[in-house]
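# My questions are about this predicted structure, shown below with the sequence.
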Amino acid sequence: IIELFIPGVSRFQMRITGETHFDFAIRLESGLAAAEHENAIRNTEKRLREMLIQKRMENVKFNVVVVEDLPVNEKTGKFQLIVPASPKTSTEPADVAAVI
């Protein structure tokens, strides 16, 4: 997941929470109307499901989590696209196959 364009999403980060699940943190563009906000979340979920199905990874579950900010790594000063989730940010994963 190097390049992913979803209208309304300015930045994203995959937070690995287990072998078959992850949280997908998204930062939304400022000034979105409520409908645009919901569409950005829904389109993110849809695109992730499509990617997982295409890669035959329907067993992988995920949650889309809206966040205020996606900070850089404290040690390196760089942004990380994929990180292990901290216990504070992890949520229960949604069933990918059941949502389709």
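Structure's in. What do you need?

# CA only for contacts and neighbour counts going forward, please
Fine.

# Would you map the strands across the chain?
Counting by DSSP state E, the segments of the chain that form strands are 9-18, 21-28, 61-66, 82-84.

# Single out the most deeply packed of these.
Comparing the strands of the chain by mean neighbour count (mean count of other C-alpha atoms under 10 Å), strand 21-28 comes out on top with a mean of 22.

# Can you spell out which helices and strands pack onto it?
Under the contact definition 3 or more C-alpha pairs under 8 Å, 6 or more residues apart in numbering; DSSP states H and E, strand 21-28 sits against strand 9-18, strand 61-66.

# quick one: low-confidence ranges for this protein?
Scanning the chain for pLDDT under 70 picks out 1-2, 85-100.

# wait, Val9 sits on Ala40?
Yes: with contact defined as C-alpha atoms under 8 Å, Val9 and Ala40 form a contacting pair (6.3 Å).

# which residues are in contact with both of these two?
Here Val9 and Ala40 have Leu28 as joint contacts, going by C-alpha atoms under 8 Å, 6 or more residues apart in numbering.

# Quick check: the gap between Val72 and Val66.
Separation of Val72 from Val66 (C-alpha to C-alpha, to the nearest Å): 17 Å.

# what's near enough to touch the residue most central in space within the chain?
Nearest to the geometric centre of the chain sits Phe24, at 1.9 Å (C-alpha atoms, centre = their mean). Neighbouring residues of Phe24 by C-alpha under 8 Å, 6+ apart: Phe12, Gln13, Met14, Arg15, Phe62, Asn63, Val64, Val65.

# of all the residues you listed, which two lie farthest apart?
By the measure C-alpha to C-alpha, Phe12 and Phe62 form the most distant pair in these, at 13.7 Å.

# that older thread, wait, which of the helices and strands packed on strand 21-28 is closest to Met51?
Judged by C-alpha to C-alpha, the one of the helices and strands packed on strand 21-28 that comes nearest to Met51 is strand 61-66, at 12.2 Å.
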